[in-house]
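S.K.: using only what follows, build the 3D model:
(one chain, ligands or ions: 2)
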Amino acid sequence: MATHTAFHSLQVSRLVPFNRAQALLYSVAVLAALHRRLAALLAPATLLSISVSLPLLLADLVLAFMWLTYQALRWRPVRRREFPDRLALSVDPKDFPAIDVFICTADPHREPPMSVASTALSAMAFDYPTDRISIYVSDDGGSEVTLFAFMEASRFARYWLPFCKENGIVVRSPEAYFRSSNGGDSEKMKMMYQTMKEKVEAALERGYVGNDLVSSQEEAEVFKRWKGLPSHDHPSMIQVLLDTSKDTDIMGNALPNVIYVSREKRPTSPHHFKAGALNVLTRVSSTMSNGPMILTLDCDTYSNDPRSPLCALCYFLDPALSPDLAFVQFPQIFQGLNKNDIYACEVKRLYTINPRGKDGLGGPNYVGTACYFSRRSLQGMPSSTSLAPGAIDPLSSESVLRKAHEVASCTYEPGTKWGSSIGFRYGSLSEDYHTGYHLHCEGWKSVFCYPARPAFLGDVPKNLNDVLSQRKRWCVGLFEVSDPWFYLYAYLFFTTYGQDLLEFLAADGTMGRWWSNQRMWMIIGLTSYLFGTVQFVLKKFGISAQGFNVTSKVMEDEQSKRYEKGTFDFGVGSPFFVVLGTVATVNLSSLVLGIARAATMEGGFDELFVQLFLSAFVTTNCWPIYEAMFLRSDEGKLPRNVTVISLVLAGFLHCIGYLIFHN
Ligand SMILES: O=c1ccn([C@@H]2O[C@H](COP(=O)(O)OP(=O)(O)O[C@H]3O[C@H](CO)[C@@H](O)[C@H](O)[C@H]3O)[C@@H](O)[C@H]2O)c(=O)[nH]1
Ligand SMILES: [Mn+2]
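M.R.: Ligands and ions are numbered 1, 2, ... in the order given. Take a look at the predicted model:
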C-alpha cells in the first residue's frame, strides 16, 4: 500500500538508538558491579564475610535480571497513527463489519446502573452505521435495576443519538457530557436524563422495580420473573431491549441492537468471574448479531471519541495485518484523577508506556477494556476462518432466544474448550493478561492504538483500601497466569529442596536432620530474622539498645529429657512463639478451608493445587507447634496464654483476609 493511501503508519521511536546505547553502557556497568561482588566472594574468606557477600551477590543478580528483562520494552518502542478519514473515503460503510460491544457489570451498588447505561449509550452513538452496532450487557449482579436502567436508556437513546449527531457532540456518554456541559441547547436533554436517573436511583434504593416505575404491562411481566431470585442462584435471563430491524429513533433512523444478559448462576458451578461473563456474551452474541468485531468495555469505560471503531478498522481492514490480528488495544486512560494522582492510579507505565514497547515486538497485551477483538481470535487458531452465521430470525423470536438461553447456562461449558483454548481464558483473576498472553503464544498479533484524543475514559478507585485491594487482585492474578509459571515455581521449589537434600545426604547427613534443618530455617526466618531486623532498625534510630543476650548453657533435667526424645521445648511465653503459633494456626485453618472449598467446587483441586500444596507443606513442618499448642501437657508445651493470643491473632488475620478478598 502506498504511504499516502495507507490507513495507518508506524514510526519507530527516536529514542531507540539512545536506549540501545544506554543498555550497552549499563550492562557493562552491571557486569563490573557483579564482578566486584564475585571477587569479594572469592577472596580469602571467613564465614562472616561470605554471609555478607553472598546475599549481596544474589540481590544484585536478581536486580540485573529484572533490568535485563525490562530492556525488551525499550528495544523497539513504536508510535502508530491511523487515518480514519482515508478509510471513510475509500471503504463503503456498507462493507463495514458489524461490531458487538460487550459491557460487563457485576454489582449495582458498586457500579451504578445509570453509569453502566451511560457507557452503553456512548457506544450506541458511535460514528458507525448504527444498524451494525449491537450492545450486549452482562449483568453478573443479576439485578432487575440494571435491566430497568437499560430499558430506560433504550428509550432515551431515541432522543440522545439524534441529539449527539445534530449537535456534533463528541463525548456521547450522557453522564460524562452533563458533568461538564452547562445547559444551553442541552437543557431539555439534561432534564430528560436527570428524570431517568432519578427513577433508576429510586429503584436502586428500594431494591426492586415497582409497578409505578414501569410503563407497560409487558414490562411489568418481565420484572415478575426476577422476584425472589438471589443474584448467585438463578437461571439465565436474556432480554432484547432494542432490535435494529424494527426500532428507530425520533428521526426515523435505525437504532442499534441492545441485549441484556444475566447468565445462569448456581452456587455449585464455577462462574469464572469476568472471563466467564465475556465468554457467555461471546456465545450469546454469536446466536444473534454474530459481529466479526467485538469491543470489550468495563462498565466505567465510556467512549470519549465516537470514531474509535474506524481507528480499529484501519488495522482490521489492512490485508497485510488482518489474517493474524487478534486485537487492537486502546490505552486505559482515566478521568477524575486528582492533581498529583496520589494513589498513582494512572498506571502510566503499564497502560501507555510499556504497550508501545511491546507493540514494536509483536503487540501489546490485552488490558481488559477498550479493546477491539476479531471474533475469529476468540474461536480458534489464526488459520481457522469459519464463522457461523448469526440469527436469521428476528432477535426476540422464540428460536433465537431459546438458543441464547442455552449457551448462557451453567451446563453449556463443562466438557468444552471454552476458557482453556477458546474464548477468554480461565484460571486467573487477571483474565485480561492471561487471555492476551495465550493469544500471543498461539501466534496471534495485536496492535496498540493510541490516538491523541483519548478514545475511552474510565474511573479509578478513590480510596486507599480500594486501590490496595485492586492491586492485590492483580498480583494474585499474575501469579495465577499459570502454566509456564506453575512449572517455573514447581521447578524452583523442587530443585532447591532436592539439591539441598542431596548435598546434605552426600555430606553424610540424614533425612531426619535435613528435615529439621529446613524446618528450622523456616522458623528462624519467621522469628529471629524478623525480630532481628526490627531490633537493628530500632537500634539505628537510637530507640532501643539491647545488648548481647548470652545463650544459656544450663539445662534442667526435664528439659534435657525432652531434648533427648526429640520433643520441641517451648515452655516460656516468648513473643517468638506468638508469631509461630499464629503462622501455624493460619496455615492449618487455611489448609482445612482450602480443602473444603476445593471439594465443593468443580475442578477445585486443579485450581487450588499450588495453594493447597504449599500450605500442606508448611502445615507438615508445623506439626511440633500444633502438638505443643493442643496435645501436650508437659512443662515444654506452649503456655496457655501464648496459644490463646495466637488463636486470636490468627482469627483476626483471617477476618482481614476475608474482608479484603470478599470485597
Ligand atoms: O465476576 C465478575 C467480576 C467483575 N466483572 C466486571 O469486570 C470489570 C472490571 O472490574 P473492576 O472491579 O473495575 O476491576 P479493575 O481492577 O478496575 O480492572 C482492571 O483489571 C481487571 C483484571 O483484574 C480487568 O478485567 C479490567 O479490565 C481492568 O480494567 C467490571 O466491569 C466488572 O463489572 C464481571 O463482569 N464479573
Ligand atoms: Mn475498573
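
S.K.: does ligand 1 have contacts with stretch 333-343?
M.R.: No: Stretch 333-343 is not in contact with ligand 1 by CB under 6 Å from any ligand atom; minimum separation 9.8 Å. (C-beta placed from N, C-alpha, C; glycine too.)

S.K.: neighbouring contacts of that stretch?
M.R.: By CB atoms under 8 Å, 6 or more residues apart in numbering, the list of residues contacting stretch 333-343 from outside reads 176, 345-346, 351-352, 454, 456-462, 464, 467.

S.K.: now Pro108, what's its secondary structure?
M.R.: Secondary structure state of Pro108, per DSSP: H, G, I helix; E, B strand; the rest coil, is coil.

S.K.: burial count for it?
M.R.: Applying other CB atoms under 10 Å, we find 24 other residues in the vicinity of Pro108.

S.K.: and it, what does it touch?
M.R.: 141, 143, 145-146, 204.

S.K.: in a markdown table: those, plus neighbour count.
M.R.: Output for the contacts of Pro108, formatted as a markdown table (neighbours: other CB atoms under 10 Å):
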| residue | neighbour count |
| --- | --- |
| Gly141 | 19 |
| Ser143 | 25 |
| Val145 | 27 |
| Thr146 | 30 |
| Leu204 | 20 |
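
S.K.: restricted to helices, list those.
M.R.: Using DSSP state H, the subset of these located in helices is 145-146, 204.

S.K.: I'd like the residues you listed laid out as a markdown table, including pLDDT and distance to Arg155.
M.R.: Formatted as a markdown table, those follow (pLDDT from 0 to 100; distance: CB to CB, whole Å):
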| residue | pLDDT | distance to Arg155 |
| --- | --- | --- |
| Val145 | 96 | 16 |
| Thr146 | 96 | 15 |
| Leu204 | 94 | 18 |
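
S.K.: quick one: which of those residues is nearest Arg473?
M.R.: Thr146 (22.5 Å; CB to CB).

S.K.: make sure that closest one is actually in contact with Thr105.
M.R.: Yes: using CB atoms under 8 Å, Thr146 is in contact with Thr105, at 6.3 Å.

S.K.: joint contacts of those two?
M.R.: By CB under 8 Å, 6+ apart, the residues touching both Thr146 and Thr105 are 113, 116, 137, 139.

S.K.: just the ones of those residues in strands?
M.R.: 137, 139 (DSSP state E).

S.K.: which pair in the shared contacts of Thr146 and Thr105 spans the largest distance?
M.R.: Checking the shared contacts of Thr146 and Thr105 with CB to CB, the most distant pair is Pro113 and Val137, at 9.8 Å.

S.K.: what touches both of those two?
M.R.: Listed contacts common to Pro113 and Val137 are 105, 146, 150; contacts here mean CB under 8 Å, 6+ apart.

S.K.: list the buried residues for the helix or strand where the last one lies?
M.R.: Read it as Phe150. Assigned by DSSP states H and E, Phe150 belongs to helix 144-166. By neighbour count with 16 or more other CB atoms under 10 Å, helix 144-166 contains the buried residues 144-154, 156-165.

S.K.: wait, does it contact ligand 1?
M.R.: No: using CB under 6 Å from any ligand atom, helix 144-166 never reaches ligand 1; the gap is at least 10.4 Å.

S.K.: mind checking what helix or strand follows that helix in sequence?
M.R.: helix 174-180.

S.K.: just the buried positions in that next one, please.
M.R.: Neighbour counts using 16+ other CB under 10 Å place 174-178 of helix 174-180 among the buried residues.

S.K.: try stretch 445-456
M.R.: 445-451, 454-456.

S.K.: Three-state assignment for Ser446, please.
M.R.: Strictly by three-state DSSP, Ser446 counts as strand.

S.K.: got a list of what it touches?
M.R.: 325-329, 359, 362-366, 436, 439-440 are the contacts of Ser446 under CB under 8 Å, 6+ apart.

S.K.: kindly recompute the last result at 7 Å.
M.R.: 326-327, 329, 363-364, 436 (CB atoms under 7 Å, 6 or more residues apart in numbering).

S.K.: tell me the secondary structure for the residue in the chain that ligand 1 sits nearest to?
M.R.: Distances from the chain to ligand 1, computed as CB to the nearest ligand atom, single out Gly368 as the nearest residue at 2.0 Å. Secondary structure, three-state DSSP: Gly368 is coil.

S.K.: please renumber the chain so that the first residue is 51 from this point on.
M.R.: With the count now opening at 51, the last piece we talked about shows up as Gly418.

S.K.: just want the phi and psi numbers for it.
M.R.: Gly418 has phi and psi values of phi 90, psi -20 when expressed as degrees, to the nearest 10.

S.K.: ok, it - contacts?
M.R.: 348, 482.

S.K.: Tyr258 too?
M.R.: Contacts of Tyr258 were listed using CB under 7 Å, 6+ apart, and they are Glu194.

S.K.: distance check, it against Leu108.
M.R.: For Tyr258, the distance to Leu108 equals 60 Å [CB to CB, to the nearest Å].

S.K.: just Val220 next, same as before
M.R.: Counting by CB to CB - Val220 and Leu108 are separated by 54 Å.

S.K.: more neighbours: which of the two?
M.R.: Val220 (14 against 11).

S.K.: ok, that one touching Asp355?
M.R.: Yes: shown here, Val220 and Asp355 form a contact pair, counting by CB atoms under 7 Å, at 6.4 Å.

S.K.: could you confirm Thr111 falls within a helix?
M.R.: No, residue 111 isn't Thr; it's Leu. Yes: counting by three-state DSSP, Leu111 falls inside a helix.

S.K.: and the residue nearest to it when sequence neighbours are not counted, which of the three is it?
M.R.: Leaving out its chain neighbours, the residue that sits closest to Leu111 by CB to CB, 6 or more residues apart in numbering is Leu84, at 7.0 Å. Under three-state DSSP, Leu84 falls in the helix class.

S.K.: hmm, back to that, in strands only, show me the contacts of stretch 383-393.
M.R.: Among these, the members falling in strands are 506-507 (criterion: DSSP E).

S.K.: so which of the contacts of stretch 383-393 sit within helices?
M.R.: Of the contacts of stretch 383-393, the ones assigned to helices by DSSP H are 226, 514, 517.

S.K.: pLDDT at Ser459, what is it?
M.R.: Note for Ser459: predicted pLDDT of 96.

S.K.: where along the stretch 51-200 of the chain do the helices fall?
M.R.: 66-92, 97-125, 134-140, 163-174, 194-216 (DSSP state H, counting those that start in this stretch).

S.K.: I'd like to know which of those helices is closest to Glu652.
M.R.: Taking the helices of the stretch 51-200 of the chain one by one with CB to CB, helix 194-216 is closest: 27.1 Å.

S.K.: and the closest one, how far out from the chain middle?
M.R.: Helix 194-216 sits 30 Å away from the centroid of its parent chain (CA atoms, centre = their mean, to the nearest Å).

S.K.: helices and strands around it, which ones?
M.R.: Using 3 or more CB pairs under 7 Å, 6 or more residues apart in numbering; DSSP states H and E, the elements in contact with helix 194-216 are helix 163-174, helix 237-256, strand 287-292, strand 307-312.

S.K.: what's the closest of the ones you listed to Lys590?
M.R.: helix 163-174 (50.1 Å).

S.K.: send the alpha carbons of the closest one over as PDB?
M.R.: Extracted C-alpha coordinates of helix 163-174, given in PDB (Å, rounded to 0.1, in the frame of the first residue of the first chain):
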ATOM      1  CA  PRO A 163     -26.700   1.100  36.800                       C
ATOM      2  CA  MET A 164     -27.200   4.600  35.200                       C
ATOM      3  CA  SER A 165     -23.400   4.900  34.700                       C
ATOM      4  CA  VAL A 166     -23.300   1.500  33.100                       C
ATOM      5  CA  ALA A 167     -26.200   2.500  30.800                       C
ATOM      6  CA  SER A 168     -24.300   5.800  30.000                       C
ATOM      7  CA  THR A 169     -21.400   3.700  28.900                       C
ATOM      8  CA  ALA A 170     -23.700   1.800  26.600                       C
ATOM      9  CA  LEU A 171     -25.200   5.000  25.200                       C
ATOM     10  CA  SER A 172     -21.800   6.300  24.400                       C
ATOM     11  CA  ALA A 173     -21.100   3.200  22.300                       C
ATOM     12  CA  MET A 174     -24.600   3.200  20.700                       C
END
